[in-house]
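**Student:** Compute the structure for the input listed below.
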Amino acid sequence: MTAVLTSCSRKANDYLVIWTDTPALASFAEDFNATHKDSKVVIVYKEKAASSLPPSADELQPDIVIASWLMNSTIRRNFASLDFMFKSKLLNRDDFYPQILEYGIIDEKQYLIPLSFNLPMIIYSNSNEYMLQDEHLLTLDRMEEISASYNAKNKSETYTAIGYAPGWDKEFLYEASKLQGADYTERGKSFIWNEKALKDTIRRMKDWTTKFNTDSTTEKNFQFRYLFMPKHRQVSTGRCLFASTRSDRFFALDESQSEGLNFRWLAADDKIPIEDDIVCIGLYKKTRHTRKAEIFISWLLSEKTQKHLLERKLTMKLDTSTFGLADGFSSIKATNENIYPVYYRQLLGSLPGEKNLVMPDILPYRWDSIKEKIILPYLEECVTTDSKKEPASLEERIENWNKQFY
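**Tutor:** Numbering: from 1, shown residues only. A predicted model of the protein is given here:
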């Protein structure tokens, strides 16, 4: 789908063409076009923008790509260095979280500039706030301890409440493995990981189940019986204490859905792992509009612009089902610190600090599919306490996956 947001009389090759998988860019482009006389933008929405590179000869080629999954050896070769944006002082490195900006550096050159990111979180009912005291972050140890104390049974020894069960959510298992140091990292066309950390995660999750929740069958039966509704409603019922989610999903809830809920950031050693699907800005290496690209990028990556865009979005009720600017926190520190808490009141006093944020390693091409088809099913099968069958190894799953593409 292509959205042309300017006069039809202008020739297509005069436009700055932006490929994106982020719908909010359509609104940004509309605002940019209304305020910039000599630089106009066309948005080309591509659900899989990264895997659409390089463009075919018969399609509208991008000048800029703003999308997730750009930071890997297969995709990043399509981009030109953006160092000139900092050398010319169009952008200031001090405005960004340093580790987030560093994520886009390849061979000591700034090939990508992150725009937005998200964080893992655990939600619960305000009625249970006393159980978490003044903790700003929530570790796996504390989560397990508090969950266990919440468990309750009736006279027939049937669970009437379970604080949390690791097997309820594959995404939680994945986040737990990252917290434990699984270190998924690109290698060639595949990936490597810390085997010990992954095995430790699996053992820890199984121990959680057997020690406090009896077994996986009990957990699943409880989930089927009581937790068949969305996560924000699960914790409101009182049947469970916690639910696992992420910032973009939680802050996209409307007031009626999030009323009475609170959260903690999922962390280890005061570190919160940033979600893998970071939205980055890349300058396509064959662009013919470098000057227009730098105008748009410097406009978008300013606190003033981001404040305006967020105000405009919420005032005009544009895309209210998404969080923040580009469905996440901004890579600009001041935007998060000064602007987000005004519109997302639950962030007051709960915004993570710069020192808390940890970037993911560089992940391979098609990581979203690899994770969905290989890692999540592997973790889910491995933590099940009731199966006598040995799950297929991660190596076997990777080999079968690779046969589909190579």
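
**Student:** need the contact list for P54.
**Tutor:** N78 (CB atoms under 8 Å, 6 or more residues apart in numbering). C-beta: built from backbone N, CA, C; applies to glycine.

**Student:** and it, that's in a strand?
**Tutor:** No - applying DSSP: H, G, I helix; E, B strand; the rest coil, one finds P54 to be coil, outside a strand.

**Student:** can you tell me how far it sits from I66?
**Tutor:** Going from P54 to I66 by CB to CB, to the nearest Å gives 16 Å.

**Student:** give me the low-pLDDT residue ranges for the stretch 251-400 of the chain?
**Tutor:** Residue ranges of the stretch 251-400 of the chain with pLDDT under 70: 318-320.

**Student:** What segments of the stretch 151-300 of the chain are helices?
**Tutor:** With DSSP state H, counting those that start in this stretch as the criterion, the stretch 151-300 of the chain has helices at 170-179, 195-212, 216-226, 231-237, 247-250, 255-258, 290-300.

**Student:** Adding distance to K389 and mean neighbour count, write those helices out as JSON lines.
**Tutor:** Output for the helices of the stretch 151-300 of the chain, formatted as JSON lines (distance: least, CB to CB, whole Å; neighbours: other CB atoms under 10 Å):
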{"stretch": "helix 170-179", "distance to K389": "19", "mean neighbour count": "22"}
{"stretch": "helix 195-212", "distance to K389": "15", "mean neighbour count": "17"}
{"stretch": "helix 216-226", "distance to K389": "13", "mean neighbour count": "16"}
{"stretch": "helix 231-237", "distance to K389": "30", "mean neighbour count": "19"}
{"stretch": "helix 247-250", "distance to K389": "33", "mean neighbour count": "21"}
{"stretch": "helix 255-258", "distance to K389": "40", "mean neighbour count": "12"}
{"stretch": "helix 290-300", "distance to K389": "51", "mean neighbour count": "19"}
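
**Student:** between these, which one is nearest to S321?
**Tutor:** Of all the helices of the stretch 151-300 of the chain, helix 247-250 sits nearest to S321, with 10.1 Å by CB to CB.

**Student:** Which elements pack onto that closest one?
**Tutor:** In terms of contact count using 3 or more CB pairs under 8 Å, 6 or more residues apart in numbering; DSSP states H and E, helix 247-250 is assigned the packing partners strand 120-125.

**Student:** So what angle separates the directions of the strand it packs on and helix 170-179?
**Tutor:** Angle, strand 120-125 to helix 170-179, by axes from the mean of the first three to the mean of the last three CA atoms, to 10 degrees: 130 degrees.

**Student:** Run through who's touching strand 120-125.
**Tutor:** Applying CB under 8 Å, 6+ apart, the contact partners of strand 120-125 are 132, 138, 143, 175, 231-232, 235-236, 238, 241-247, 250, 260-266, 272-273, 275.

**Student:** Pull out the buried members of these.
**Tutor:** 132, 138, 143, 175, 231-232, 235-236, 241-247, 250, 261-266, 272-273, 275 (16 or more other CB atoms under 10 Å).

**Student:** Show only the entries of these found in strands.
**Tutor:** Among the buried ones among the contacts of strand 120-125, DSSP state E puts 138, 243-246, 261-266, 272-273 in strands.

**Student:** farthest pair in the residues you listed?
**Tutor:** Maximum pairwise distance among those (CB to CB): 22.1 Å, between L261 and P273.

**Student:** Ok, which of the helices of the stretch 151-300 of the chain comes nearest I105?
**Tutor:** When the helices of the stretch 151-300 of the chain are compared by CB to CB, helix 290-300 sits nearest I105, at 16.3 Å.

**Student:** quick revisit: may I see the helices of the stretch 151-300 of the chain arranged in a markdown table, with distance to K40 as well?
**Tutor:** Formatted as a markdown table, the helices of the stretch 151-300 of the chain follow (distance: least, CB to CB, whole Å):
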| stretch | distance to K40 |
| --- | --- |
| helix 170-179 | 40 |
| helix 195-212 | 49 |
| helix 216-226 | 51 |
| helix 231-237 | 41 |
| helix 247-250 | 29 |
| helix 255-258 | 37 |
| helix 290-300 | 8 |
